[in-house]
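*Asks:* Just need the structure, nothing else, for what follows:
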Amino acid sequence: MRRRIQAAPLWPLPALDEPVSGRGDRSPTARRRLTVTERTEPAEGVVRLVLTGSDLPAWQPGAHLDLVLPSGLVRPYSLCGDPADSGSYTVAARLVADGRGGSREVH
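*Replies:* As a prediction, the model looks like this:
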């Protein structure tokens, strides 16, 4: 799959000037630049990303994080992991082969 994605004519995906969300005109509560510090594959077709940053707000189970992907697309992902960890957020994404492309970018 990685070879197919990298061989695709649109790889790397072109970046947009402004992020585009399929969720209507919604202003974010806060924009933060986070760093992917860990990437694992806990199951076939699933990646787990650990994103670190400073002064991250606390969260509760059921919370979501809107990721602004390199192409400018905005996709929501459920936070998972330890809510007591104030230094990082964890998200997991399942690859959706016939989706709109967000999961391919995350992978």
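*Asks:* Glu105 belongs to a helix?
*Replies:* Yes. Assessed with DSSP: H, G, I helix; E, B strand; the rest coil, Glu105 lies in a helix.
*Asks:* tell me, what residue is most central in the chain?
*Replies:* Leu67 (4.3 Å; CA atoms, centre = their mean).
*Asks:* Return the helix or strand where it lies as PDB; C-alpha atoms alone will do.
*Replies:* Assigned by DSSP states H and E, Leu67 falls within strand 64-68. Extracted C-alpha coordinates of strand 64-68, given in PDB (Å, rounded to 0.1, in the frame of the first residue of the first chain):
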ATOM      1  CA  HIS A  64     -11.900  14.800  19.500                       C
ATOM      2  CA  LEU A  65      -9.000  16.600  17.900                       C
ATOM      3  CA  ASP A  66      -9.200  18.200  14.500                       C
ATOM      4  CA  LEU A  67      -5.900  17.400  12.600                       C
ATOM      5  CA  VAL A  68      -4.900  19.800   9.900                       C
END
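*Asks:* What is it packed up against?
*Replies:* strand 73-80, strand 88-94 (3 or more CB pairs under 8 Å, 6 or more residues apart in numbering; DSSP states H and E). (Each C-beta comes from the backbone N, C-alpha and C, glycine too.)
*Asks:* Do a quick rundown of the helices in the protein.
*Replies:* Along the chain, counting by DSSP state H, helices occupy 2-7, 102-106.
*Asks:* Alright, that wraps it up for me.
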